[in-house]
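Novice: Let's see this in three dimensions:
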Amino acid sequence: MLEGMQERQISAGGKVHPLPAPFFVLATQNPLEQEGTFPLPEAQLDRFMLLIRVGYPTAADERSMLDRMSGLDVPAPKEVASIDQVRSARKMIGSIYIDDRVRDYIVHIVQATRKPRDYGLAELAPLIEYGGSPRATLCLASAARAHAFIRHRAYVTPDDIKAIALDVMRHRVVVTYEAEAEEVSSEDVVRRVFEYLPVP
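Specialist: Residues are numbered from 1 along each chain as shown. Predicted coordinates for the structure are as follows:
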């Protein structure tokens, strides 16, 4: 899995097998069922661009799910985009403009999780075991570009960064035992950074 995510290839039996492009890796974990599942180490978690929390559906969504799935004719998935369209979209997303001030904002967000005292957030220092990695910086920029693309914009705004920041950062900021004792989560830390840092 890790070789695939980093090197875009898999080695087995002494042979190297390149992965098709595009490809992506999904991992799921049910927090209610821990037996037989183990949390990934921080360095492995860092390779995932996003960590998305999926809660229970709303009553309306659950009713819609019931209506669709309880009949004899279960709906089948349909293709919504071709591989060429996905490749084209990825290329377009990569060209979305990020202003220098917004780039600096991304760097300061990640740096503030590593060196909170340097950013006037001394109260966070005893709560953070590890801050965001350089991969967090790259993923914030990529995810913000994708968010701007979905919003039909050719440039990234600070709001794009804020919209995806928790999904990008929640598994990259590791809190201390002291933070856990105070019931402070990595999400709380990231929110505090956003509340404090000036927006360009």
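Novice: Which parts of this structure are strands?
Specialist: Here the chain has its strands, by DSSP state E, at 9-12, 15-18, 128-130, 174-175.
Novice: Mean pLDDT and mean neighbour count added to these, as a markdown table?
Specialist: Bear in mind the C-beta positions are built from the backbone N, C-alpha and C, glycine included. Shown next, in a markdown table, are the strands of the chain (pLDDT from 0 to 100; neighbours: other CB atoms under 10 Å):
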| stretch | mean pLDDT | mean neighbour count |
| --- | --- | --- |
| strand 9-12 | 90 | 11 |
| strand 15-18 | 92 | 9 |
| strand 128-130 | 94 | 18 |
| strand 174-175 | 93 | 18 |
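Novice: Of all those, which one is nearest His152?
Specialist: The minimum distance between His152 and those falls on strand 15-18, with 33.9 Å, by CB to CB.
Novice: For the closest one, enumerate the helices and strands it packs against.
Specialist: Where contact means 3 or more CB pairs under 8 Å, 6 or more residues apart in numbering; DSSP states H and E, strand 15-18 is packed against strand 9-12.
Novice: Note down every partner strand of the strand it packs on and its orientation.
Specialist: strand 15-18 (antiparallel) (DSSP bridges).
Novice: got the contact list for the strand it pairs with?
Specialist: When contacts are defined by CB atoms under 8 Å, 6 or more residues apart in numbering, strand 15-18 is touched by residues Arg8, Gln9, Ile10, Ser11.
Novice: Tell me the one among those residues nearest to Thr58.
Specialist: Distances from Thr58 to the contacts of strand 15-18, taken by CB to CB, are shortest for Arg8, at 38.0 Å.
Novice: Any idea how many residues pack against the closest one?
Specialist: 13 (other CB atoms under 10 Å).
Novice: Ile150: neighbour count?
Specialist: 12.
Novice: How about the one 3 residues further on?
Specialist: Arg153 sits with 14 neighbouring residues when counted by other CB under 10 Å.
Novice: per-residue confidence at Gln29?
Specialist: pLDDT recorded at Gln29 is 77.
Novice: Oops, could you answer that again for Leu32 instead?
Specialist: The model reports Leu32 with a pLDDT of 67.
Novice: which helices and strands sit right next to the helix ranked longest in the chain?
Specialist: As assigned by DSSP state H, the longest helix anywhere in the chain is helix 134-150. Helix 134-150 is packed against helix 83-94, helix 100-114, helix 158-169, with contacts defined by 3+ CB pairs under 8 Å, 6+ apart.
Novice: my guess is Ala125 meets Arg117, correct?
Specialist: Yes - judged on CB atoms under 8 Å, Ala125 makes contact with Arg117 at a distance of 5.4 Å.
Novice: Would you agree Arg114 is in contact with Ala136?
Specialist: No - Arg114 is beyond contact range of Ala136, at 9.6 Å (criterion: CB under 8 Å).
Novice: Please consider this matter closed, and thank you.
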